[in-house]
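Visitor: One predicted model, sequence on top.
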Amino acid sequence: MSTSTAVPPPSPDAHALVVGASGITGTALVDRLTAGGWQVSGLSRSPVPGSPAQHVSADLRSPESLTAALGDLRPTHVFFAAWSRQATEAENIVVNRAMVADLLAALAPGRSVRHVALVTGLKHYLGPFEAYAQGEMPDTPFTEDAERLPVPNFYYDQEDALFEAAAAGGFTWSVHRSHTVIGHAVGNAMNMGLTLAAQAAICRADGRPFVFPGSQTQWNGLVDMTDAGLLADHMVWAATSPAGADEAFNVVNGDVFRWRTMWPRLAAALGVEPEGPTQTPQPLEQQMAGAEPVWAQVVAEHGLVEPDLSRVASWWHTDSDLGRDIEVLADMSKSRLAGFTGYVRTSDAFLRLFDRYRADRVVPQLLA
């Protein structure tokens, strides 16, 4: 089940630049914008096969590359959905702040930009990887008026770069704090939906159970997630609605669930036998260690299109989400009161995603 918020047609000159067009959120944004009648350019290093967006090839870590690629482009709206994972948070801050600042600087001379939407996440409230869920955090559900944590966090620096560019350029902005995003992309660094589908395919091939890799807290506690299509709807709404201008919003599906209920549903859809957690988490990086030959066998037997398991499964990220020993929920009241009414049932989002990956031969079809 899902609902969406009605958005008026774009103005005749509306031109969206999607930054990170090959990722989970970027792919959903390109689909949403092109379906809505926008002119769309998609920035990524390599073209996205089958994408309806005009490809813009640029290296976000190179100001020279951005200037060369964007010098003649005149987007009215920018949707920034990219990040580059570094070894330390100090490096994350330098690299990821610069990507936002340099891209907006490259666009500044054209003075065409009216709105910039930036995707971040709930680590705004939880802290970065190095200080994740450490120290005092806001109580759940997280609300947008919570103060920043007293630790370095590249999300804060990306926001600040956006605010500074908006003040100088005279455009409006929005920040979209998503929870775990599931959507259609291959080769993405954080892709729980495809990771679980790959785990199930390997478990089926090996004849072993589909073991929940996380903590008892996650198994039994309440949690929420973000569907990439809903996130795209939310970003387009904020970029085109006066109520979305110069605001930061949480964006989650609208339902809450417990993994102890969701896990058997996903197992049934993936054709495996579910098994709950032990007292000590069994992370996927351990469960799936050495699984590359099994994946190669699955690929060969089912004619799949991606033989590189590392481009299909992000074990580390799913372990991070499911291994948490805290409850993580985000409040959507601010968006609802501002007029955004989109809603997705998370179980439906997973099942639709599995069907799409099967149709694209990224994961195997279930055999009768």
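Guide: Sure, I can see it. Residues are numbered from 1 along each chain as shown.
Visitor: can you list the weak-confidence ranges in the chain?
Guide: 1, 6, 189, 367-368 (pLDDT under 70).
Visitor: For the stretch 201-350 of the chain, just list every one of the helices.
Guide: Using DSSP state H, counting those that start in this stretch, the helices of the stretch 201-350 of the chain run over residues 216-220, 228-240, 259-270, 284-287, 292-302, 315-322, 333-338, 346-359.
Visitor: and the second one with helix 346-359, angle?
Guide: Spelled out, it's helix 228-240. Calculated by axes from the mean of the first three to the mean of the last three CA atoms, to 10 degrees, helix 228-240 forms an angle of 110 degrees with helix 346-359.
Visitor: hmm, back to that, ranking the helices of the stretch 201-350 of the chain by burial, who's on top?
Guide: Sort the helices of the stretch 201-350 of the chain by mean neighbour count, taking mean count of other CB atoms under 10 Å, and helix 228-240 sits at the top with a mean of 26. The C-beta positions use only the backbone N, C-alpha and C, and glycine is treated the same way.
Visitor: Can you tell me what sits against that one?
Guide: 2, 4-5, 7-8, 10, 24-25, 27-29, 31-33, 36, 77, 79, 115, 117, 119, 174, 176, 178, 181-184, 244-245, 247, 249, 251, 253, 335, 339-340, 342-344, 349 (CB atoms under 8 Å, 6 or more residues apart in numbering).
Visitor: Give me the buried entries from those residues.
Guide: 2, 4-5, 10, 24-25, 27-29, 31-33, 36, 77, 79, 115, 117, 119, 174, 176, 178, 181-184, 244, 247, 249, 251, 253, 335, 340, 342-344, 349 (16 or more other CB atoms under 10 Å).
Visitor: circling back: closest to residue 164 out of the helices of the stretch 201-350 of the chain?
Guide: helix 228-240 (19.2 Å; CB to CB).
Visitor: can I have that closest one written out in PDB, keeping just the CAs?
Guide: Taking Å, rounded to 0.1, in the frame of the first residue of the first chain, the C-alpha atoms of helix 228-240 are listed here in PDB:
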ATOM      1  CA  ALA A 228      13.400   5.600  -2.400                       C
ATOM      2  CA  GLY A 229      10.200   6.400  -4.300                       C
ATOM      3  CA  LEU A 230       8.700   8.100  -1.300                       C
ATOM      4  CA  LEU A 231      12.000  10.000  -0.700                       C
ATOM      5  CA  ALA A 232      11.900  11.200  -4.300                       C
ATOM      6  CA  ASP A 233       8.300  12.300  -3.900                       C
ATOM      7  CA  HIS A 234       9.300  14.200  -0.700                       C
ATOM      8  CA  MET A 235      12.200  16.000  -2.400                       C
ATOM      9  CA  VAL A 236      10.100  17.100  -5.400                       C
ATOM     10  CA  TRP A 237       7.300  18.300  -3.100                       C
ATOM     11  CA  ALA A 238       9.700  20.300  -1.000                       C
ATOM     12  CA  ALA A 239      11.400  21.800  -4.000                       C
ATOM     13  CA  THR A 240       8.200  23.000  -5.500                       C
END
